[in-house]
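A.B. asks: give me the fold of what follows.
(one chain, ligands or ions: 1)
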Amino acid sequence: MEKKNFRPDKIMMYFRAEWKVLALITVSGLIYNLGLMAGPWFEGKMAGCLMQILTGTERFPAMLRLAPAYVIVIGTVQLARYIKRFYVRRFANNVNRRMKRILYRTLIHKSRVELEKEGAGNVITKAISDVDDCVEGMRKFATEIFDTGVALFGYVCMLLYYDWRLALCSMIFPPFSYIIAEKMKRIVQTTGAAYKKQTGKLNAVTLDRITNAITYRVFGCEKERGENYEVHLKEYEQAAVKANIWNAALPPVYKVIAMAGTVMILYFGSENILGMGWTSWDVAAFTTFLACYAKLSDKSSKAAKLFNAVHKAQVSWKRIHPYMERASEAVEKDEIAAQNENYNAESSDKDVKNEPGGSAVHKSGQQSEKNSVKENVAVADHLTFAYPGSDPIFKEISFTAKPGQIVGITGPVACGKSTLGKSFLCEYPYEGHLTYGGRELSSYTENERSRIIGYLGHDPELLGDSVENNVLLGDDDNVWTWLRAVCFDEEVREMEEKEKTVVGNSGVRLSGGQAARLALARTLCHGKPVLVLDDPFSALDRNTEKQVFEHVKELSKDRIVFLISHRLYLFPEFDQVIWMDQKMGTCSSHERLMAENPQYAELYRAQVSEKDENILSSEKKDHPDGAQKYEDIE
Ligand SMILES: Nc1ncnc2c1ncn2[C@@H]1O[C@H](COP(=O)(O)OP(=O)(O)OP(=O)(O)O)[C@@H](O)[C@H]1O
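C.D. replies: Below is the predicted model:
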């Protein structure tokens, strides 16, 4: 769980959340980089000491004191380096995990409409590679701020100490390389972004080829799709080559520019040795100056590389930022909702306390009874829906559904049955009202709404995992309860690996009816107060449909079930029926619709024979609460 005040859309939050790790990096980084300066100092001391021992002005024990100190310092420096590297990695891993977790959660709650619009491939690319690039930039920043920043500062001080004028002249070149790197960043950014875009497109095309492989084969479109794939592959390769060339070619350019100062040092340094320059130098001073400058320019080129990494990270962060913003909004809305809940709880407590004696209990009891009734009711009031840029699919539909009720939705082909079901997901805005618990569904956060609405669409959306995992999704439960509920237990028992049988990508190893029942088992297992089931029995035979329906009914005594179907065979058992036609919706009972709506009556009679009707009515008499109780089966 993220901390409450963590805002996923603020990059500084990720640094702040890792402050302990960053503190360790700072301490170990300073020890390492400042320790690096101590190395040459010790080496000079030891060289001097050796000279003095050879000339007889110093004794050998002096060297015995210096040498172990040198070893200890170098050991400490290397240990600090190891600690720094370890914690920089840990920092990067923690941020990576945190970002991916937030992004994953946001993607999970993204509506199918958005996923389809952006292309699932693109979304996957964003989720994986953008977070990786962004964190890599942050990691390089955390590393180089010490390895480059602190080290550069040390070298600059040394150069200024030896000859400040020559130092200033030669040090013009490294900043010049930064400026070039800054100017060139645009091309690195543009080619990098184009590369990612192509990666996303290629992923989407690959996914499309895999998902629709059979359709393309059956309709002879394989060649055409193959050619289309090749076009995308070629574009991807070109974008990759371009991005990699710019990425790899620029650092050596920065290095050459930064090293140009050596020409100046060779000229003015030799003047210094000859006693004709700004300072008087011996060969050792010249060598030290030149070596320091070489290290400085090398570090400068790393700084330029760091710029590129940070810019790349900025591009990636920009791409994932909308998702992080959405995660922040969700946190905010959830917090406000929690505050409101607390406030309501507190005020109802106050109501109880303020009322004298038993009447307080009575009032509170009445209130909670009222609330609980309102809390669990789904109401549509003049609900109108239109897809963006289109005419309304349906207008002014009104109904009220209470827990325990099953509401059938039916009507002619393409009259908007599925659209009415999908309205509960609030993927698009609607007009009028659609409320649950007295509150507009569209005003709930996505997290809250997903706790209220259970939706099973036409596509079973099965995972390429075992039967058990497809149903439980990692929850600790008995999978057989749910398999039995959808009459799928016996078939699974006959499978070679039983509930551990892997169903293949999107359930390819299952028949249509098996896939539909498995998806229904998952929906029932993760039951929500409102279930919207879009044609869940279309792939089942009538007998199985009847049995599964009885179990759904039995398991949904405290839920509202909206059941969309073309088949009216079970409709007499439903509490309400919404008949949709000509953009209008009539909510009534089966009996009234039979009497008042000739179209409905005709459709029903065309599907159900007189014999069936007799069986149904006798079953209804025998089992007014359902033909066969779920407990009986257990
Ligand atoms: N995403 C969409 N964007 C625009 N129009 C859509 C979209 N989805 C569906 N429609 C249109 O909405 C209308 C109703 O479609 P819907 O799927 O809700 O009908 P239905 O009654 O469930 O159909 P069926 O009987 O075939 O199951 C159709 O004319 C369809 O073209």
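A.B. asks: wait, isn't I187 in contact with W246?
C.D. replies: Yes: because the distance of 5.6 Å satisfies Cβ atoms under 8 Å, I187 is recorded as touching W246. C-beta coordinates here come from the backbone N, C-alpha and C atoms, glycine included.
A.B. asks: pick out whichever of those two has more residues nearby.
C.D. replies: Remark: of I187 and W246, W246 carries more neighbours, 18 against 14, as counted by other Cβ atoms under 10 Å.
A.B. asks: who touches the more buried one in this structure?
C.D. replies: M184, I187, V188, T191 (Cβ atoms under 8 Å, 6 or more residues apart in numbering).
A.B. asks: so which of the residues you listed also contact the ligand?
C.D. replies: Filtering the contacts of W246 for proximity to the ligand by Cβ under 6 Å from any ligand atom leaves nothing.
A.B. asks: between those, which is closest to the ligand?
C.D. replies: The nearest member of the contacts of W246 to the ligand, counting by Cβ to the nearest ligand atom, is T191 at 35.3 Å.
A.B. asks: and E573, how far is that from T26?
C.D. replies: According to Cβ to Cβ, to the nearest Å, E573 stands 70 Å off from T26.
A.B. asks: what ranges does the stretch 101-250 of the chain have for its helices?
C.D. replies: Secondary structure of the stretch 101-250 of the chain by DSSP state H, counting those that start in this stretch: the helices cover 112-118, 120-125, 131-144, 151-162, 164-170, 173-211, 213-218, 222-259.
A.B. asks: and those: which comes nearest T287?
C.D. replies: helix 151-162 (10.8 Å; Cβ to Cβ).
A.B. asks: distance from the closest one to the middle of the chain?
C.D. replies: 46 Å (Cα atoms, centre = their mean, to the nearest Å).
A.B. asks: give me the mean pLDDT for it.
C.D. replies: Averaged over helix 151-162, pLDDT sits at 84.
A.B. asks: touching it from outside, list them.
C.D. replies: 33-34, 36-37, 166-168, 170-171, 279, 281, 285, 288-289, 292-293, 295-296, 299-300, 303.
A.B. asks: try stretch 19-37
C.D. replies: 15, 73-74, 76-77, 80-81, 83-84, 87-88, 90-91, 94, 142, 145-147, 150-151, 154, 158.
A.B. asks: buried ones in it?
C.D. replies: 21-22, 24-26, 28-29, 31-37 (16 or more other Cβ atoms under 10 Å).
A.B. asks: hang on, T279 is in a strand, isn't it?
C.D. replies: No: counting by DSSP: H, G, I helix; E, B strand; the rest coil, T279 is located in no strand; its state is coil.
A.B. asks: domain ranges for this structure?
C.D. replies: Domains of the chain are assigned by automatic domain parsing as 11-332, 376-633.
A.B. asks: for N5, find the nearest of these.
C.D. replies: Of all the domains of the chain, it is domain 11-332 that lies closest to N5, at 8.7 Å by Cβ to Cβ.
A.B. asks: check the offset of stretch 595-608 from the chain's centre.
C.D. replies: Relative to the chain's own centre, stretch 595-608 is displaced by 48 Å; criterion: Cα atoms, centre = their mean.
A.B. asks: wait, I meant stretch 137-154
C.D. replies: So, by Cα atoms, centre = their mean, the centroid of stretch 137-154 is 30 Å from its chain's centroid.
A.B. asks: helix, strand or coil: sort out W579 for me.
C.D. replies: What three-state DSSP gives for W579 is strand.
A.B. asks: pLDDT score for it?
C.D. replies: W579 is assigned 93 on the pLDDT scale.
A.B. asks: could you look up the SS state of the closest residue in space to it that isn't next to it in sequence?
C.D. replies: Of all residues not flanking W579 in the chain, T586 sits nearest, at 4.8 Å (Cβ to Cβ, 6 or more residues apart in numbering). The three-state label for T586, taken from three-state DSSP, comes out as strand.
A.B. asks: distance of T586 from P252?
C.D. replies: From T586 over to P252 the distance is 75 Å, taken as Cβ to Cβ.
A.B. asks: again, but for Y87
C.D. replies: Counting by Cβ to Cβ, the gap from Y87 to P252 is 31 Å.
A.B. asks: just checking, which of the contacts of helix 151-162 belong to strands?
C.D. replies: Among these, no member falls in strands (DSSP state E).
A.B. asks: now a PyMOL select for only the buried ones of those.
C.D. replies: A single PyMOL command is used to select the members of those judged buried by 16+ other Cβ under 10 Å:
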select buried, resi 33+34+36+37+166+167+170+171+279+281+285+288+289+292+293+295+296+299+300+303
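A.B. asks: near the ligand, which of the contacts of helix 151-162 show up?
C.D. replies: Among these, no residue sits close to the ligand (Cβ under 6 Å from any ligand atom).
A.B. asks: run the chain-centre distance for the helix or strand containing R85.
C.D. replies: Using DSSP states H and E, R85 sits in helix 60-108. Relative to its chain's centre, helix 60-108 lies at 30 Å (Cα atoms, centre = their mean).
A.B. asks: report the angle between that helix and helix 131-144.
C.D. replies: Relative orientation of helix 60-108 with respect to helix 131-144: 160 degrees, computed using axes from the mean of the first three to the mean of the last three Cα atoms, to 10 degrees.
A.B. asks: just checking, what packs against helix 60-108?
C.D. replies: Counting by 3 or more Cβ pairs under 8 Å, 6 or more residues apart in numbering; DSSP states H and E, the packing neighbours recorded for helix 60-108 are helix 11-17, helix 19-55, helix 131-144, helix 283-354.
A.B. asks: near the ligand, which residues of the stretch 251-400 of the chain show up?
C.D. replies: So the stretch 251-400 of the chain meets the ligand at Y387, S390, I393 (Cβ under 6 Å from any ligand atom).
A.B. asks: where in the stretch 301-450 of the chain is pLDDT low?
C.D. replies: 301, 303-305, 329-375 (pLDDT under 70).
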